[in-house]
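*Asks:* Test case, fold it:
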Amino acid sequence: MTPVLIDVTLAIRPDMPHWPGSTAPVCEWETRLDRGEESDASKWTLSAHQGTHVDAPSHFIPGAAGIDDIGLDVLCGPVHVVGIDDDSPIRAEHVAEIPAGAERILFRTTNSTTGRLHKAFDPGYVAVSAQAAEALVAKGIRLVGIDYLSVECFGATDFPAHHTLLGAGVPIIEGLDLAATEPGRYELTCLPIRLTDAEAAPARVVLTR
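*Replies:* Numbers count the residues shown, from 1 in each chain. Down below sits the predicted model:
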């Protein structure tokens with residue numbers, strides 16, 4: 001059977017949803033063919049946390065691993081897409097249903113089924129509760145992904161999900177477009193831009209089934 005490749009990366013564009021207080025991506029043209037210049041050459045300005053991206057432990061943990069320190073053996077390999085059907089935060093009970101031995105988890109929530117990532121920012125997005133983050137670490141999960149701009153519940157001031165996961169050395173993939181996926185097992189290829197001394201980086205993420 002021919003493998004099916006599913007690109008779960010958000011397209012970067014100036015009008016894409018972005019976190020409140022951050023700036024949208026900006027594209028500037030340095031040279032243009034239609035201006036009679038020798039080539040098209042663009043310059044993009046965007047946050048390291050724009051669109052589909054990976055948070056490294058150093059995002060919240062001083063002295064922890066940066067984006068260029070995360071091994072490909074963590075970012076790539078078998079992954080379980082876990083379906084969550086309600087709009088409440090992901091709970092420890094959801095984590096308890098994850099198959100034994102799973103190391104990488106992507107949460108496909110109503111963020112995907114309602115198209116939240118393709119609309120204006122919605123503070124009611126589904127995120128990971130503090131208790132679920134603790135349960136993920138206790139279960140030995142090595143990587144966690146979610147289908148919105150943050151794994152954290154909006155308005156959280158102490159950022160428990162980030163602190164728990166990143167504090168345990170668990171990278172987080174945020175901004176995944178999982179609308180075309182179904183719950184189940186896949187092979188994950190996650191390749192963040194290799195930025196030096198950075199706490200995060202945009203990534204191209206592909207699932208293979």
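*Asks:* Can you identify each of the strands in this structure by residue range?
*Replies:* Ranges of strands in the chain, per DSSP state E, are 5-7, 26-31, 41-45, 53-55, 77-83, 104-108, 143-146, 172-174, 184-192, 200-208.
*Asks:* Which residues does the last one contact?
*Replies:* In other words, strand 200-208. Strand 200-208 is contacted by residues 3-9, 12, 46, 48-56, 59, 67, 79, 81, 145, 173, 176, 181, 186-195 when judged by CB atoms under 8 Å, 6 or more residues apart in numbering. C-beta: built from backbone N, CA, C; applies to glycine.
*Asks:* Parallel or antiparallel, which strands does it pair with?
*Replies:* Strand 200-208 has its sheet partners listed here by DSSP bridges as strand 5-7 (antiparallel), strand 53-55 (antiparallel), strand 184-192 (antiparallel).
*Asks:* Just the angle for that strand relative to strand 41-45, thanks.
*Replies:* 110 degrees (axes from the mean of the first three to the mean of the last three CA atoms, to 10 degrees).
*Asks:* Please spell out which residues along strand 200-208 are buried.
*Replies:* For strand 200-208, the buried set under the neighbour-count rule, 16 or more other CB atoms under 10 Å, comprises A200, A201, P202, A203, V205, V206, L207.
*Asks:* Can you give me the pLDDT of E97?
*Replies:* At E97, the pLDDT value in this model is 95.
*Asks:* what's the spacing between the residue most central in space within the chain and G63?
*Replies:* The chain has E174 as the residue nearest its centroid, 1.8 Å off, counting by CA atoms, centre = their mean. Separation of E174 from G63 (CB to CB, to the nearest Å): 22 Å.
*Asks:* that older thread, beta partners for the residue nearest to the centre of the chain?
*Replies:* Taking DSSP bridges as the rule, E174 bridges to H53.
*Asks:* what's near enough to touch it?
*Replies:* Applying CB under 8 Å, 6+ apart to E174 gives the contacts H49, T52, H53, V54, D55, G145, I146, Y148, L149, S150, V151.
*Asks:* Please consider this matter closed, and thank you.
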